[in-house]
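Participant: below: sequence and its predicted model.
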Amino acid sequence: MIAADHNAPDTNRDETAIEVLLARCAARDRAAFAELYKRAAPRLLACLLAILRRRDLAEDALQEVMVRVWQRSDQYDGYRGRPMAWLVSIARYYAIDQLRGRRPLVGLDDTVVSRLSDAKAQESVEAAESSGTRSALERCLERLTVEQRRCVVLAYSNGYSHEQIASALASPLGTIKSWVRRGLASLRECLGT
């Protein structure tokens, strides 16, 4: 017997409420925007924190994201996806743009390298370090797509599972697995291991 998902009705009700609030925001209802902010801000802040890794940057980004939501609320289309997914995608793209503007995107230090748990990834790191080319690893990480780099770093330096990455990035699990797999393959090829 399959256990019933007791959160599903609450999730659907919350999504419906957010959809209604977005429609009211499109009509420039400031009270609806205040309510939308109250409902969505905690989840958006969590997403931004996962990407930006600094609370001050994430809080600033949240304000900018909510301004964009207000400005683009008329662009939300319920037929193309859930409202919270739409909000999270705005936050994700904004955070990624912020990271692109702040180079380097990924800095590795000894604590990050020591936390790598995948044997093949660890071999790649050891090969890079043993030849004195730690910068080669950083250079190879820079060659990955933003998505691949984020997934690899979240998986191997933060210890996130594929499911946790999918949740943090609001992306399908299969997509996350693909980004991790392709990212690791690209790293191995770049490092020659």
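Facilitator: Right, received. Where do you want to start?
Participant: most centrally placed residue in this protein?
Facilitator: For the chain, the residue sitting closest to the mean C-alpha position, by C-alpha atoms, centre = their mean, is L169 at 3.0 Å.
Participant: quick check on L22: phi, psi?
Facilitator: With angles defined as degrees, to the nearest 10, L22 sits at phi -60, psi -40.
Participant: tell me which helix or strand F33 sits in.
Facilitator: helix 30-52 (DSSP states H and E).
Participant: extract the CA atoms of that helix and return them as PDB.
Facilitator: What follows is helix 30-52, C-alpha atoms only, in PDB (Å, rounded to 0.1, in the frame of the first residue of the first chain):
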ATOM      1  CA  ARG A  30       0.400  46.300  -3.900                       C
ATOM      2  CA  ALA A  31      -1.300  44.400  -1.200                       C
ATOM      3  CA  ALA A  32      -1.100  41.200  -3.300                       C
ATOM      4  CA  PHE A  33       2.600  41.900  -3.800                       C
ATOM      5  CA  ALA A  34       3.200  42.200   0.000                       C
ATOM      6  CA  GLU A  35       1.400  38.900   0.500                       C
ATOM      7  CA  LEU A  36       3.400  37.300  -2.400                       C
ATOM      8  CA  TYR A  37       6.600  38.500  -0.800                       C
ATOM      9  CA  LYS A  38       5.600  37.000   2.600                       C
ATOM     10  CA  ARG A  39       4.800  33.600   1.000                       C
ATOM     11  CA  ALA A  40       7.600  33.300  -1.500                       C
ATOM     12  CA  ALA A  41      10.600  35.200   0.000                       C
ATOM     13  CA  PRO A  42      11.700  32.400   2.400                       C
ATOM     14  CA  ARG A  43      11.900  29.800  -0.400                       C
ATOM     15  CA  LEU A  44      13.600  32.300  -2.800                       C
ATOM     16  CA  LEU A  45      16.100  33.300  -0.200                       C
ATOM     17  CA  ALA A  46      17.000  29.700   0.400                       C
ATOM     18  CA  CYS A  47      17.500  29.200  -3.300                       C
ATOM     19  CA  LEU A  48      19.700  32.400  -3.500                       C
ATOM     20  CA  LEU A  49      21.700  31.300  -0.500                       C
ATOM     21  CA  ALA A  50      22.400  28.000  -2.000                       C
ATOM     22  CA  ILE A  51      23.800  29.600  -5.200                       C
ATOM     23  CA  LEU A  52      25.500  32.800  -3.800                       C
END
